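S.K.: Let's see this in three dimensions:
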Amino acid sequence: MEMSAEKLVQLIAQRVYDRKGFNIMAIDVREVSSITDFLLIAEGNIERHVVAISEDIQDCMREIGEKPFRVEGRENGDWLVLDYLNIMIHLFIPEMREKYQLEKLWSNGKIVDLHIETDKSKSNAI
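M.R.: Just a heads-up that it's a prediction; the model follows:
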């Protein structure tokens, strides 16, 4: 059974959080872009962290039968893009995210309400 793009965005955001990624946001750009439906933007502390987050996302997506159309930036790790066609994931080190400010570029998109289960919410559920 195929998962909707909306559910995939939520799944990916959770995986990024679980790998200690931060400043996670998703933007619905279906009304303003023909390139993709959703952008997910997040940060890792250093290049190696960004690469590790991207590898975890790819493992997760592979488990549900999704392969990236393209992966860019793995050599440097300061800005890595995973293109799943309907979802484009941008992982940055903080300096690169600040430099390119993709959120401003796509400010006419709609911010997606992410339902990330934090460590705090997990402990409250016990």
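S.K.: list the buried ones in the strand or helix carrying Val16?
M.R.: Taking DSSP states H and E as the definition, Val16 sits inside helix 5-18. Of all the residues in helix 5-18, those buried under the rule 16 or more other Cβ atoms under 10 Å are 5, 8-17. The way it works is simple: take the backbone N, C-alpha and C, and place the C-beta from them, glycine included.
S.K.: now swap in stretch 49-69 and tell me
M.R.: The neighbour-count check on stretch 49-69 (16+ other Cβ under 10 Å) flags 49-54, 56-58, 60-61, 66, 68 as buried.
S.K.: Low-confidence regions, the chain specifically.
M.R.: 1, 120-126 (pLDDT under 70).
S.K.: list the contacts for Ile89?
M.R.: Ile89 makes contacts with 12, 39-42, 54, 57, 81-83, as judged by Cβ atoms under 8 Å, 6 or more residues apart in numbering.
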